[in-house]
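Engineer: for reference, the sequence and a predicted model appear below.
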Amino acid sequence: MVKHFAWRLYSDSLPSCTNLRKMGITVNDVCFLCGGKEAISIHSFQQCPYVVEVNNLLRCPIPTNIFVDSKDLLEFFHVNMDWRDFNCWLIGMWVTWHQRNLTLNGEVIRQPGEVPETL
Ligand SMILES: [Zn+2]
């Protein structure tokens, strides 16, 4: 499942609000995790305060570089992190994406501080 997530992250094909809009599907542009505006798909993996907090707790701070999409972000982490840290970051993103999707069903999600405990 994590490999499938990584492939979809790399191909920028996760069903983010941005990508759904690109396909002509009308969706709200509010981030499910923080309630902020999800103007671009990279929000879910770099700019969202929820994701930033999870990454900081995983000791994988997200750089302030400007990434054009999730593929660009994934390549940055792959090149600049050792294999263990890269996997930790990727699994953290996968768990965070799962939390985001739980909100779609109205389920209670973990607080960012609880996410590292699930790894
Ligand atoms: Zn957000």
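Structural biologist: On my side now, so go ahead. Numbers count the residues shown, from 1 in each chain.

Engineer: list the buried residues in the helix or strand of the chain with the lowest mean pLDDT.
Structural biologist: Ranking every helix and strand in the chain by mean pLDDT, DSSP states H and E puts helix 17-22 at the bottom, with a mean of 82. Using 16 or more other CB atoms under 10 Å as the test for burial, helix 17-22 gives C17, T18, N19. Placement of C-beta: from N, CA and C, glycine included.

Engineer: return the residues in contact with the first one.
Structural biologist: When contacts are counted by CB atoms under 8 Å, 6 or more residues apart in numbering, C17 is found next to V27, N28, D29, V30, C31, E38, S41.

Engineer: ok, 6 Å please
Structural biologist: Contact analysis of C17 by CB atoms under 6 Å, 6 or more residues apart in numbering lists V27, D29, E38.

Engineer: in this protein, which residue is most central in space?
Structural biologist: Closest to where the C-alpha atoms of the chain average out (CA atoms, centre = their mean) is F45, at 3.3 Å.

Engineer: which of the residues in stretch 92-99 are buried?
Structural biologist: Those would be G92, M93, W94, V95, T96, W97, Q99, for stretch 92-99 by 16+ other CB under 10 Å.

Engineer: against K37, how distant is the first one?
Structural biologist: G92 sits 23 Å away from K37, taking CB to CB, to the nearest Å as the criterion.

Engineer: any chance you could give me stretch 67-79 in CSV, C-alpha atoms only?
Structural biologist: Extracted C-alpha coordinates of stretch 67-79, given in CSV (Å, rounded to 0.1, in the frame of the first residue of the first chain):
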residue,chain,number,x,y,z
PHE,A,67,7.9,22.6,-5.2
VAL,A,68,5.8,22.5,-8.3
ASP,A,69,4.0,19.3,-7.4
SER,A,70,4.2,16.2,-5.2
LYS,A,71,6.7,14.5,-7.7
ASP,A,72,9.1,17.4,-7.2
LEU,A,73,8.8,17.1,-3.4
LEU,A,74,9.2,13.3,-3.5
GLU,A,75,12.4,13.6,-5.6
PHE,A,76,13.8,16.2,-3.2
PHE,A,77,13.3,13.9,-0.2
HIS,A,78,14.6,10.9,-2.1
VAL,A,79,17.8,12.7,-3.1
